[in-house]
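In: build the 3D model from these lines:
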Amino acid sequence: MQIAINSEVYRSAQVFAQSQGLNLKTVIENFLISFASGKRQSAEQTVPDVVLSLLGAGEPVAEHDLNGRKAYSQYLDKKHK
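Out: Predicted structure coming up:
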């Protein structure tokens with residue numbers, strides 16, 4: 001059976017699969033199995049352990065500066081004085 005998909009989507013999926021050390025066929029099959037079974041992974045399961053270990057690290061950022069640009073700019077100013 002063949003399925004036609006957008007070539008850009010295919011290329012992105014291929015890069016993702018390779019970065020995970022998998023082939024695209026395996027990634028698609030796993031996705032379809034989880035989709036068909038109605039099971040969805042929680043956000044916790046999809047976040048790598050190394051990222052979870054960083055939660056809470058560093059200083060808190062003001063709510064109005066959630067992306068941290070202002071705080072990072074201030075950090076760089078202090079660093080390069």
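
In: Ala17: what's it in contact with?
Out: 23-24, 26-27 (CB atoms under 8 Å, 6 or more residues apart in numbering). Placement of C-beta: from N, CA and C, glycine included.

In: rerun at 10 Å
Out: 23-28 (CB atoms under 10 Å, 6 or more residues apart in numbering).

In: again, but for Tyr10
Out: 4, 24.

In: tell me the spacing between it and Ala17.
Out: According to CB to CB, to the nearest Å, Tyr10 and Ala17 sit 10 Å apart.

In: hang on, the earlier thing: just the buried members of the contacts of Ala17?
Out: Neighbour counting by 16 or more other CB atoms under 10 Å classes Val27 among those as buried.

In: give me the subset of the contacts of Ala17 lying in helices.
Out: In helices, defined here by DSSP state H, the members of these are 24-28.

In: any chance of these in TSV, plus distance to Phe35?
Out: Shown next, in TSV, are the ones in helices among the contacts of Ala17 (distance: CB to CB, whole Å):
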residue	distance to Phe35
Leu24	16
Lys25	16
Thr26	15
Val27	12
Ile28	10
